[in-house]
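Asker: Sequence below, structure please.
(chains A and B)
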Amino acid sequence: MSELIFDKSRSGRRCTAIPKCGLDEAAIPPEFKRSEKASLPEVAEVDLTRHYVNLSRKAYGVDNGFYPLGSCTMKYNPKVDEDAAELRGFNDIHPLQPSYTVQGALYAMDTLTKYLCEITGMDALTLQPAAGAHGEFTALSLIKAYLLDHGETKRDKLIVPDSAHGTNPASAAMCGFTVINVPSTPEGLVDIELLKNAVGDDTAALMLTNPNTAGKFDINIKEIADIIHGAGGLLYYDGANLNAVMGIVRPGDMGFDAVHLNLHKTFATPHGGGGPGSGPVGCKSILAPYLPGYTVKKDADGKFVFDRAEKTIGMMRSFYGNFLVCIKALSYIMTLGAEGIREAAENAVLNANYLMEKLKDTYDVPFKGTCMHEFVMCLEGLKKETGITASDVAKELIDMGIHPPTMYFPLIVHEALMLEPTETESRETLDNAVEALKKIYVMAHETPDILKAAPKTTPIGRPDETTAVRHPVLRA
Amino acid sequence: MLRGIGMTDIGDLFASIPDELKLKDKLDLPDPKTEFEVMDALSAAAEQNKIFKSCFRGAGAYRHFIPSVVKRLVSREEFVTAYTPYQAEMSQGVLQTIFEYQTTVCALTGMDVSNAGVYDGAQAAAEAVKMYKDKKRQKTVVSAAVRPMTLETIATYCNSAGTSLVVVPTKNGVTDIDALKAALDGDAASFYFEQPNYYGLVENAAEIIDAVHAAGAKAIMGCEPVSLALLKTPAEYGADAAVGEAQPLGMPLSFGGPYLGFMAVKTSDMRKLPGRIVGKTADDDGRDAYVLTLQAREQHIRREKASSSICSNEALCALTATIYCAALGKEGLCEVASQCHTKAVYAAEKICSVDGFKMKFDGFFFNEFVTTCPADTGAVMKALESKDILGGLPVKIDGEDCILWCVTEVNTAQEIELLKNVLEEAVK
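Answerer: You can find the predicted model right below:
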């Protein structure tokens, strides 16, 4: 039963009518006209509604249940943020309206920019990037422009720890940099000796997530910053994990020169099944002259106007960013205030440590000691003992009503499950997840076949992904 | 909970962070606000923005009618609060909607394969340009008649990658074919043009694509999706890739975002596409199943060798476009497109009946067009604004002050009549 909306189409059936034109139709000349109408569905409104309501029941969001997806910060998305973003005064304004008719929008952009600079310890910021990876590409483009502008034409190497998100090396490659992967220490931190060997007069920058994907704050961050800056390179902060430390320590104070944020992670805007997100980029003043797009400033009369940076790298996309997502993030920060921002980080870290503490005697936690907002479990031993993989555990969790953790990441841990509970989960929710994971551990030893056959409660069982790749069917 | 993990103070959790780096003071942010106060403050900000009763401005962002059913269905919390559908079994709803989106894009463009969407139309163009560069062919060629922000986005992507960009000039508002042929040498990877172009004109796409293919390069056609209901498709013209801004398909103007970029190609190029792609397969019991597929192109597998770094895209906007197209349906979208064109032709006649306003170009246009302006464009805009009308976008073409007008199905004949009257008054 997975009929497509196209399968429900019946010739002549209609949903939305538009008012009559009232003018004689202007014909399209035959040489410009398509030969056949596009085969879009023809459905009644009731059938359209039922189709998508029923599909929504085959989806799972934070509003359905616990979602400890590591590095994705699946915190609850407050409803007031949605209402704020639905205000007509934000929705029905054209991006090319004169600035004096959109003072409220510019005020909102300016305010959010200031708040995010304060939270990150940066001097300037662009709201233009549409997502985290877009922010990475933007920040690296800034760094490249800065280096070239300073005659540093030989700096073409970008250093990336092997624990980094895949987007880091991919964004680096888009900027024409050669990626130097630096292995991590057994503790999951940057290997200082290897880093020293990797830097040189060809170093453009280091990309670092701190806390990193092992859930660890890199205690050597000052030394790392000194090594990179000493070699003439810059430091870039992947803000995917900022939720752990906001209000406690700032990337700008750690020595970073540029940072991207994921408003759809740290600042509670919903993920929408994969977007729209928003990936603002903050930077120190040395990079500010290169910022892309349009920044907001006040003119002599105190009115907000758009401005362009003096040596701007140009546009990363049309217009000013995912504006409505920015409104949601602004609403979130206004709600939390200074105390709330810090408290969110504290509770995120507390929840992660609570979960880890309760699980560490059952599952192998390779990186010892206090974690930040997330931690990694290694299921290699369990797999050797029982044949049960990280994926099998994840699928059984689905049957228990919990969204699985991130699987097989970071790449430095085999059979990894990465858990990030976030601050918005109650103790009861965490206890329930602990119970589920402990039960699965017992099942792995006693009834492994059940785990291998999971999930059973979902509309489908495990899909055949190999056939999907070998014989791609990508549309109806 | 702290005691449960053997700690007494919340600060103990952050012992690994060197003290000298930690914030000494509270962040300089306002005090927390209640929901009531937040809505009060943001409503006040929203009210400072002027919502024009009539809008004759497009240039990359378009006001169309959005049926209630679209917003209601897209707002289902299960869709809104889900992550990227990594766990297929519990995400069939999201995955199927993406598959339906891909099918919708293929239906509109006539192309074989669509991805799950990218950030917006400009970035879709930049991604398409990137897709066709290889070791031998690194140069990108772009028509000067594309939207300025799209051109600037392509330029940024090329600059960062360290590859060259050549802009082909226009002739009477459309791409100069002779200049295009001259620009297409053995280094040219692709040519990007828009249909209709920035000035609203329909390009001679057949001749352009022939020239591009004769030079061994790829043709990327930037399309306006509503016009595709009536106009010849990129597939019919033989384009290699179709990209565009899907905002007109159910997304409000929202001051420029979130919007949605669509990308579709021929089957032979499907493994070059950036971003997510959903495929149909089966589960162990033979039930239809949808999965993220062809992931060997993507950053989490290929890292620095990936086709793009894109991860999060605009999934909810893709759902919006899908539901919008289904709500309007096969006939309804044609009616929308036909009204856009009909009313634009009517508006062009009315505007040009005012003394001193003339069509800048004589080619066939869809729903945007450029006129000259006999008075100061700023003063004309002010006059329109006083009647609650957002006029066309003032643009300078060859040193001449012109106006780029846009008309859609939501503009009525009465509005157009009023527009004409105000213009008459303004230039008197």
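
Asker: Could you use CA atoms for every contact and neighbour count after this?
Answerer: OK.

Asker: Mean confidence (pLDDT) on stretch B:62-74, please.
Answerer: Along stretch B:62-74, the predicted local confidence has a mean pLDDT of 98.

Asker: so does that stretch get close to chain A?
Answerer: Yes. With Cα under 8 Å from any Cα of the partner chain as the measure, stretch B:62-74 is seen reaching chain A through B:67, B:69, B:73.

Asker: what's downstream of the helix or strand hosting residue A:105, the next helix or strand?
Answerer: The secondary structure element spanning residue A:105 is helix A:103-120 (assigned by DSSP states H and E). Next along the chain after helix A:103-120, taking DSSP H and E as the criterion, comes strand A:124-126.

Asker: at contact distance from chain B, anything in the least confident helix or strand in chain A by mean pLDDT?
Answerer: Least confident helix or strand, chain A: helix A:167-174 with a mean of 92, by mean pLDDT, DSSP states H and E. Yes. On the criterion Cα under 8 Å from any Cα, helix A:167-174 is in touch with chain B at A:167, A:168, A:169, A:170, A:171, A:172, A:173, A:174.

Asker: Against which helices or strands is whatever helix or strand comes next after that helix packed?
Answerer: The helix or strand immediately downstream of helix A:167-174 is strand A:178-182, counting by DSSP H and E. Using 3 or more Cα pairs under 8 Å, 6 or more residues apart in numbering or on different chains; DSSP states H and E, the elements in contact with strand A:178-182 are strand A:157-161, helix A:167-174, helix A:192-198.

Asker: Pick the most buried one from these.
Answerer: Of the helices and strands packed on strand A:178-182, the one with the most neighbours on average (mean count of other Cα atoms under 10 Å in any protein chain shown) is helix A:167-174, at a mean of 27.

Asker: Now find how far off-centre that helix is within its chain.
Answerer: Its chain's C-alpha centre lies 15 Å from the corresponding centre of helix A:167-174 when counted by Cα atoms, centre = their mean, to the nearest Å.

Asker: Can you name the residues of the stretch 301-450 of chain A that neighbour chain B?
Answerer: For the stretch 301-450 of chain A, the contact set with chain B under Cα under 8 Å from any Cα comprises A:313-325, A:331, A:334-340, A:346, A:349-350, A:353-354, A:357, A:370-372, A:398, A:404, A:427.

Asker: Are any of those buried, and if so which?
Answerer: Neighbour counting over those (16 or more other Cα atoms under 10 Å in any protein chain shown) leaves A:313-325, A:331, A:334-338, A:340, A:346, A:349-350, A:353-354, A:357, A:370-372, A:398, A:404 as the buried ones.

Asker: tell me the domain boundaries of chain A?
Answerer: A:1-57, A:80-335 (automatic domain parsing).

Asker: With distance to residue B:122 added, can I get those in TSV?
Answerer: As requested, those are arranged in TSV below (distance: least, Cα to Cα, whole Å):
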stretch	distance to residue B:122
domain A:1-57	24
domain A:80-335	5
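
Asker: re the thing from before, nearest to residue B:237 among the residues of stretch B:62-74 next to chain A?
Answerer: Sorting the residues of stretch B:62-74 next to chain A by how near they are to residue B:237, with Cα to Cα, puts residue B:67 at the top with 31.8 Å.

Asker: That closest one - nearest residue in space that isn't next to it in sequence?
Answerer: Nearest in space to residue B:67, with sequence neighbours left out and distances taken as Cα to Cα, 6 or more residues apart in numbering or on different chains, is residue A:16 at 6.7 Å.

Asker: Repeat that for residue A:441.
Answerer: Going by Cα to Cα, 6+ apart, residue A:441 has residue A:362 as its nearest residue, at 7.4 Å.

Asker: what's the burial count for that neighbour?
Answerer: 13 (other Cα atoms under 10 Å in any protein chain shown).

Asker: Any figure for the gap between it and chain B?
Answerer: 16 Å (Cα to the nearest Cα, to the nearest Å).

Asker: Assumed that residue was part of a strand.
Answerer: No. According to DSSP: H, G, I helix; E, B strand; the rest coil, residue A:362 belongs to no strand; its state is coil.

Asker: out of the domains of chain A, deepest packed?
Answerer: Here the criterion is mean neighbour count by mean count of other Cα under 10 Å, and of those the winner is domain A:80-335, at a mean of 23.

Asker: what about that domain, start to end distance?
Answerer: Terminal residues of domain A:80-335 are spaced 9 Å apart (Cα to Cα, to the nearest Å).

Asker: Then stretch B:234-250?
Answerer: Here stretch B:234-250 reaches across 22 Å from its first residue to its last, counting by Cα to Cα.

Asker: same question for that stretch, mean pLDDT?
Answerer: Per-residue pLDDT values across stretch B:234-250 average out to 98.

Asker: do the same with stretch B:397-405
Answerer: Computed over stretch B:397-405, the average pLDDT equals 96.

Asker: which ones among the buried ones among the residues of the stretch 301-450 of chain A next to chain B are found in strands?
Answerer: Taking DSSP state E, every one of those sits outside strands.

Asker: dump the residue contacts of residue A:251.
Answerer: For residue A:251, the contact set (Cα atoms under 8 Å, 6 or more residues apart in numbering or on different chains) comprises A:120, A:121, A:122, A:237, A:259.

Asker: What backbone torsions are found at it?
Answerer: Backbone geometry at residue A:251, expressed as degrees, to the nearest 10, gives phi -50, psi -40.

Asker: swap in residue A:418?
Answerer: phi -110, psi 120.

Asker: burial of the closest residue in space to it that isn't next to it in sequence, as a residue count?
Answerer: In this structure, residue A:418 finds its nearest non-sequential neighbour in residue A:376, 4.3 Å apart by Cα to Cα, 6+ apart. Residue A:376 is surrounded by 30 other residues when neighbours are defined as other Cα under 10 Å.
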